[in-house]
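>>> With the input below, show me the fold.
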Amino acid sequence: MAFTRKKSNKMLHFLKRLLQYLNRHCARRTIFVLGDSHALVFNHDLFRLAFPFSRFEVCSVGGATASGLENPNSKTQAQETFARALQAAPKNSTVLLLLGEVDTGFVIWYRAKKYALSVDEMMSQAVENYLRLIMTVKERHRPIVISTPLPTITDGSAFGDVANQRKEISATQHERTELTTRFNSAIQSRCNSLGIPCLNFDKDSIGADGIVRPTLLNSDARNHHYKPLAHARLLLPKLRKVL
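Now for the predicted structure:
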């Protein structure tokens, strides 16, 4: 049994090295990814396996928000980082965009309370900011928008730095989930009218209880990202149709 397991591990290691070699030296195209920390899922080996002759170049800015894209005083300076990545991309490149989790999970609620405005007003502002980024990408490239992941932080959670940072808002997980699906629907509707592919995974991600499926949850309760393999498997079938 131990010998079989060791042999299997060696084979997996060999296949991983082979895929890395193909991606690095035999890639026929580079697919660029812009987004927040959730965009790091595109570094998963499953995408190398599914697209062996494509290389994923991921530009991930932790904490990036659609709400703050046009704020010159933004802590993340995501707009500038994304602009540099787009400038380096050859014209007509495929660019995947994945933003919004920080907005729907925290920033929209926080700003609504801070400025005494409605959540709908703050969401509309985030949608418009995101659309401007998408249209900027469209000027030189082929954008494909990936829907925002559903919130995984449970009500009253005190686990992890992100959960602690978001304690200032009182919105429940169900309320944050509902806002996320509305945000995704708004982005999808606008993209459809512009002829821009937008892959919405909300129906595939919501469980019978109205919140994210347990199968997507990270094994580390302090980690608010989806389980990497589960997230990659979720994205892959629809992504195959547009890449």
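
>>> Where does pLDDT dip in the protein?
1-27, 158-164 (pLDDT under 70).

>>> From the centroid of the chain, which residue is nearest?
What sits nearest the mean C-alpha location of the chain, by C-alpha atoms, centre = their mean, is Leu98, with 3.6 Å.

>>> which residues in this structure form helices?
2-25, 45-50, 78-88, 101-102, 108-114, 119-138, 161-165, 173-194, 202-205, 228-242 (DSSP state H).

>>> So what touches the shortest one?
When contacts are taken as C-beta atoms under 8 Å, 6 or more residues apart in numbering, the neighbours of helix 101-102 outside the stretch itself are 36, 38, 63-65, 148-149, 151, 180. Glycine gets a C-beta too; all of them are placed from N, C-alpha and C.

>>> Over to stretch 200-207?
By C-beta under 8 Å, 6+ apart, stretch 200-207 touches 146-147, 149-150, 177, 180-181, 184-185, 188, 212-214, 216, 234-235, 238.

>>> Stretch 58-68 now?
The contact list for stretch 58-68 (C-beta under 8 Å, 6+ apart) reads 32-37, 39-40, 42-43, 74-78, 81-82, 85, 99-100, 102-103, 107-108, 111, 122, 125-127, 129-130, 133.

>>> Are any of those buried, and if so which?
32-37, 39-40, 42, 74, 76, 78, 82, 85, 99-100, 102-103, 107-108, 111, 122, 125-127, 129-130, 133 (16 or more other C-beta atoms under 10 Å).

>>> picking up where we left off before, neighbour-wise, which of the contacts of helix 101-102 leads?
Ala64 (30 neighbours; other C-beta atoms under 10 Å).

>>> if I look at Pro237, how far off is Ala50?
Noted for Pro237: a distance of 10 Å to Ala50, by C-beta to C-beta, to the nearest Å.

>>> between those two, who's got more neighbours?
Ala50 (17 against 12).

>>> The residue lying closest to that one once chain neighbours are set aside: how many residues sit nearby?
Nearest residue to Ala50, sequence neighbours excluded (C-beta to C-beta, 6 or more residues apart in numbering): Leu236, at 5.8 Å. By the measure other C-beta under 10 Å, the count of residues near Leu236 is 16.

>>> so what's Leu236 up against?
By C-beta under 8 Å, 6+ apart, the contact set of Leu236 is 46-47, 50.

>>> just those now: which is nearest Ser93?
Using C-beta to C-beta, Phe47 comes nearest to Ser93 of the contacts of Leu236, at 16.3 Å.

>>> I figured Gly105 hits Thr177, correct?
No: assessed by C-beta atoms under 8 Å, Gly105 is found out of contact with Thr177, at 9.5 Å.

>>> Looking at these two now, which is surrounded by more residues?
Neighbour totals were compared for Gly105 and Thr177, and Gly105 leads with 26 against 23 (other C-beta under 10 Å).
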